[in-house]
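Undergrad: 3D model of this:
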Amino acid sequence: HEAGLGDTTQSFFLSRRSGVPGLTWGLGPAVLWPTATRPTLQSRQWGLGPTGVLVQTLGPWTFGALANHLSGVADSASRQGRPSLNQTFLQPFVSHNFSSGFALTATLEASYEWTARQWTLPIGTGASQLVKIGEVPVNLVAQARYWLDGPRDAPQWGLRFNVVLVLR
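TA: This next block holds a predicted model:
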């Protein structure tokens, strides 16, 4: 069992609404920051690549998918016995939103590491609450996760907590 913080993947989107009501898309770069607190939770390298998102809102329901591809840059992993990062990520999601800023969510986080030819497939369900800290909206998220597939040392289950700043 391991506990700690993993690396941070930060996505930046340029987005606009489409001509379809409730449909939003965005494209931009994704950056992997090696911020993990434990060696087993880190890639030990920086990553960079393209990312995209597509979101459809229908009443209280939100459906969508997030995708990115990260390649290792400023790579220290090869000097530490780890392969260079070459990973594709696809995250379909569905959420039911309530008027109070509370939401129930289900998601699959499909990740494929091209160098190792390995899938990692955790499925998750959880809840979130949108709050304001000063004038900044912040989404607080808690999620239980179960791994459908993964490398030999992948966990069977886990818990995830996120704090998401919503900048507009």
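Undergrad: In terms of secondary structure, what does the longest strand out of those in the chain contact?
TA: What stands out as the longest strand in the chain, according to DSSP state E, is strand 118-133. Where contact means 3 or more Cβ pairs under 8 Å, 6 or more residues apart in numbering; DSSP states H and E, strand 118-133 is packed against strand 102-108, strand 110-113, strand 136-149, strand 157-165. Heads up, the C-betas are built off the backbone N, CA and C, glycines and all.
Undergrad: In CSV: the ones you listed, plus mean pLDDT and distance to Ala67.
TA: Below are the helices and strands packed on strand 118-133 laid out as CSV (pLDDT from 0 to 100; distance: least, Cβ to Cβ, whole Å):
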stretch, mean pLDDT, distance to Ala67
strand 102-108, 97, 12
strand 110-113, 95, 9
strand 136-149, 96, 18
strand 157-165, 90, 18
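Undergrad: Mind putting those strands into CSV with mean neighbour count and distance to Gln91?
TA: Formatted as CSV, these follow (neighbours: other Cβ atoms under 10 Å; distance: least, Cβ to Cβ, whole Å):
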stretch, mean neighbour count, distance to Gln91
strand 102-108, 15, 6
strand 110-113, 16, 7
strand 136-149, 14, 12
strand 157-165, 11, 13
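Undergrad: Out of these, the one nearest Gly72 is which?
TA: Nearest to Gly72, of all the helices and strands packed on strand 118-133, is strand 110-113, at 11.2 Å by Cβ to Cβ.
Undergrad: hang on, the earlier thing: mind checking which of the helices and strands packed on strand 118-133 is nearest Ser11?
TA: Closest approach to Ser11 among the helices and strands packed on strand 118-133 (Cβ to Cβ): strand 157-165, 11.1 Å.
Undergrad: From the chain's centroid, how far away is the closest one?
TA: Strand 157-165 sits 10 Å away from the centroid of its parent chain (Cα atoms, centre = their mean, to the nearest Å).
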